[in-house]
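Asker: Whatever this is, show me its structure:
(2 chains)
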Amino acid sequence: MVHDMIISSVFAVVQALAMLALSPLMIGVIRKIKAWFQGRKGASIVQPYYDMAKLFRKETVVSDQASWVFRVTPYVAIASVMVAALLVPFFTIYSLGFVGDLIVVIYLMTMFKFFMVLAGLDTGSAFGGMGSSRELMVSSIVEPTMLLAIFTMALITGTTNLSSISETLAISGIDLVRPALFLATAAFFISLLAENARVPFDNPSTHLELTMIHEAMVLEYSGRNLALMEAASWMKLMLYSVILSNVFFPWGIATDLTVLGMIGGIAAILVKVLFVAIAIAIIESGMAKMRLFRLPNLLTLSFTLALLAVTSYYIL
Amino acid sequence: MSSEVLTDAINGLAAIILLTSIVLVASKRMRSLVRTFMIQSLALGMFAAVVAYYTGADHIYIVAVLTIALKVFVIPYFLEYTIDKIHVKKEIEPLVGIPMSLLICAGLAFVGYYVSEPIIASGDAITKNCFAISLAVVLIGLFLMISRRKAMTEVIAILVIENGIFLGAISITYGMPLIVEIGVFFDVLVAALIMGIFAYKINRTFETLDTTFMRRLRD
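Answerer: Residues are numbered from 1 along each chain as shown, chains lettered A, B, ... in the order given. Below you'll find the model as predicted:
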């Protein structure tokens, strides 16, 4: 038992670091594919790493009106996503799942968001407050959707531990596939786009004051603080993609400690995350950003899907 | 193929049918309404084909082919033609806002599930679970019909109701006799054609497809 826990802890740390290391790459890949769609050559896929290195070298400027909340937020952000990453299975099913389950993961993310919203309000700039209020409007519908979608998987597998959900599904194979899974996947994917400020909810590459949500909140950050906030957001996208891959489609994940299983697991998760990245890039290239007041339409759609997913588990 | 895979396929297709009905409620443009209806009908046709394979009943294959031919190709083509002709692009101002309609539809789906529960418990067909979905689709179709104003949307709504009834018939009885099915198909085709022409005429007379104006037809 203790032996298992040590192995799990080691793997959890390795996987969390691997996710952190790969998250800028995922952003780079999304940007590259979007560039191809626009007929551009695009920046190299490792450009986000250079950006990150540059930001860490830059001077950090903090408004003298800002309180401790503003200063502490980047560290809270990166800490909460890293703790959440410890609880999520990446290429193996081993994680610190025995410490906290999916509810902890979702609410660690919410803590990140909560502090980001506070920091947006803290400096008293008009844009920050606007971004914060919009972010909360979106997240008030996304949060229950997210929980319902993952609860569907918890119902199917009979556990709320993310690792156990992956393990049960990966071992039992096709037998546990139900319509509820597809409904929940659709709902979760829409929530993923909303939570990570992607098109059609928000445009990650604009600073146009009328439309920005996420960018408005981090507008006041610079230097190292900005680097941490960016890294945390990229990591959050990575985490949601990994949850989507491993909770809804865990086939291929390493369920034992053999070398072959590990290699298979690494290959499987990389392919799955690549698919998520391609899907995001295609959606961002093919769709326009929605008007803010039309967002509730799409969000309620995903909420309805999640609700029906849970219901149809009992019926079908 | 094992019966488990077939059950999964049947339930999956039924879920797609429910999903597309929900998407129909959420979409605002005429073209996307027609496209979503096409996807729904395709799923319905495949559903019928899987049931035919499972039961070995040849006449359901014919029904499946007819479903796909009529509801995926002929009727949507005709509807798009009418939409082109009367230059209507958008379903503006539904009577109930879209977030609210979606929540109402979720409620309707619950009603469908709840009402059909005793029937599901006593049935033994492989498709019996889909009865709940078919009821939900019929109810959503009815809701779509009363909550929209444009005549074209209402045509789509009646086709969705028909899809729901068809799904229910197949899932409880493994399909009605062929002659009845063919009669129903003919009915639907003619109904869609007539309603399309009506929509065209309504548009010509009132310069709009908004059916609320038809109250003026009183003498």
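
Asker: Is there a neighbour count for A:R291? I'd like the number.
Answerer: 10 (other Cβ atoms under 10 Å in any protein chain shown). The C-beta positions use only the backbone N, C-alpha and C, and glycine is treated the same way.

Asker: if we look at the helix or strand harbouring B:M100, which residues are touching it?
Answerer: When elements are assigned from DSSP states H and E, B:M100 belongs to helix B:98-122. Applying Cβ atoms under 8 Å, 6 or more residues apart in numbering or on different chains, the set of residues contacting helix B:98-122 from outside is A:296-297, A:299-301, A:303-304, A:307-308, A:311, A:314-315, B:18, B:21-22, B:25-26, B:28, B:94, B:96, B:128-129, B:131-140, B:143, B:147, B:172.

Asker: Equivalent analysis for stretch A:216-229, please.
Answerer: The contact list for stretch A:216-229 (Cβ under 8 Å, 6+ apart) reads A:52, A:55-56, A:58-63, A:66, A:70-71, A:73-75, A:77-78, A:116-117, A:119-120, A:123, A:125, A:127-128, A:130-132, A:134-135, A:207, A:209, A:230, A:233.

Asker: Now, these that are in helices?
Answerer: Under the assignment DSSP state H, the contacts of stretch A:216-229 contribute A:52, A:55-56, A:70-71, A:73-75, A:77-78, A:116-117, A:119-120, A:127-128, A:130-132, A:134-135, A:230, A:233 to helices.

Asker: if we can go back for a sec, just the buried members of the contacts of stretch A:216-229?
Answerer: The neighbour count (16 or more other Cβ atoms under 10 Å in any protein chain shown) marks A:52, A:55, A:70, A:73-74, A:77-78, A:116-117, A:119-120, A:123, A:125, A:127-128, A:130-132, A:134-135, A:230, A:233 as buried among those.

Asker: what sits against the residue nearest the centre of chain B?
Answerer: Nearest to the mean C-alpha position of chain B, by Cα atoms, centre = their mean, lies B:V160 at 1.7 Å. Contacts for B:V160 (Cβ under 8 Å, 6+ apart) come out as B:S21, B:L24, B:F37, B:Q40, B:V137, B:I140, B:G141, B:L144.

Asker: Narrow those residues to those in helices?
Answerer: Within those, residues falling in helices by DSSP H are B:S21, B:L24, B:F37, B:Q40, B:V137, B:I140, B:G141, B:L144.

Asker: In this structure the fourth one contacts B:A15, no?
Answerer: I take that to be B:Q40. No. Applying Cβ atoms under 8 Å as the test, B:Q40 and B:A15 come out as separate, 11.6 Å apart.

Asker: The two - which one has more neighbours?
Answerer: Neighbour totals were compared for B:Q40 and B:A15, and B:Q40 leads with 27 against 24 (other Cβ under 10 Å).

Asker: where's the closest residue to the more buried one other than its chain neighbours relative to A:I283, distance?
Answerer: Spatially, and ignoring its direct neighbours in sequence, B:Q40 is nearest to B:T20 (3.9 Å; Cβ to Cβ, 6 or more residues apart in numbering or on different chains). Distance of B:T20 to A:I283, computed by Cβ to Cβ, to the nearest Å: 19 Å.

Asker: If you count surrounding residues, which of these two has more?
Answerer: Neighbour comparison, B:T20 and A:I283: the larger count goes to B:T20, with 22 against 14 (by other Cβ under 10 Å).

Asker: My read is that the more buried one contacts B:L44, right?
Answerer: No. Counting by Cβ under 8 Å, B:T20 stays clear of B:L44, with 9.4 Å between them.

Asker: if we can go back for a sec, can you list the buried residues in the helix holding B:M100?
Answerer: Applying a neighbour-count criterion of 16+ other Cβ under 10 Å, one finds B:98-99, B:101-106, B:108-110, B:112-113, B:116, B:120 buried in helix B:98-122.

Asker: so which strand or helix has A:V99?
Answerer: Using DSSP H and E, A:V99 falls outside every helix and strand.

Asker: Point out where the stretch 1-150 of chain A drops to low pLDDT.
Answerer: Across the stretch 1-150 of chain A, the ranges flagged by pLDDT under 70 are A:1.
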